[in-house]
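Asker: Following is a predicted model, sequence given first.
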Amino acid sequence: MSLNFELIGRRIKEVRILKRMTQAELAERACMSVAYISHIETARKRASLTALISIANVLDTTVDTLLIGNQTNDQAEYRTEMALLIDDCNIYERRFVLEMAFAAKDSLRNHQLLQSLSKRS
């Protein structure tokens with residue numbers, strides 16, 4: 001199994017932005033160069049386990065959060081992505097996103113039902 005370093009870099013960037021932290025601030029607090037943080041976020045360099053732990057500590061998150069999506073059938077990935085999606089939303093925006101998710105789910109299930117019915121006939 002290989003790790004998806006693009007996904008890890010994207011997660012680091014997402015969490016960093018949610019924490020309202022610049023690459024320079026993250027680099028300084030993690031004792032790394034800004035270029036190295038940039039290369040990790042863009043997957044031009046592969047972060048070591050030590051670097052991931054340091055970055056997670058600075059971002060006040062877990063390494064698990066940064067690695068979400070690298071395991072097969074990782075259901076926590078979607079929960080975290082939804083939480084990140086609505087984290088900076090106001091109450092109206094959260095409700096709107098929730099209603100859209102319900103509508104999308106209903107639509108998908110109706111589509112699947114129609115497909116299964118058409119296969120039977």
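Answerer: Structure's in. What do you need?

Asker: Now name the helix or strand holding Met21.
Answerer: Using DSSP states H and E, Met21 is not contained in any helix or strand.

Asker: Can you get me a residue count around it?
Answerer: Residues lying near Met21 (other CB atoms under 10 Å) number 16. Every C-beta, even on glycine, is put in place using the N, C-alpha and C of the backbone.

Asker: swap in Lys45?
Answerer: Lys45 - counted by other CB under 10 Å - has 16 other residues nearby.

Asker: helix, strand or coil for it?
Answerer: coil (DSSP: H, G, I helix; E, B strand; the rest coil).

Asker: gap between the top helix by length along the chain and the chain center?
Answerer: Across the chain, the longest stretch assigned as helix under DSSP state H is helix 91-120. Helix 91-120 has its C-alpha centroid displaced from the chain centroid by 22 Å (CA atoms, centre = their mean, to the nearest Å).

Asker: Stretch 11-25 too?
Answerer: From the chain centre to the centre of stretch 11-25 is a distance of 12 Å (CA atoms, centre = their mean).

Asker: Any buried residues in the one helix or strand Ala35 maps to, and which?
Answerer: Secondary structure from DSSP H and E places Ala35 in helix 34-41. Neighbour counts over helix 34-41 (16 or more other CB atoms under 10 Å) mark 36-41 as buried.

Asker: From the chain's centroid, how far away is that helix?
Answerer: 18 Å.
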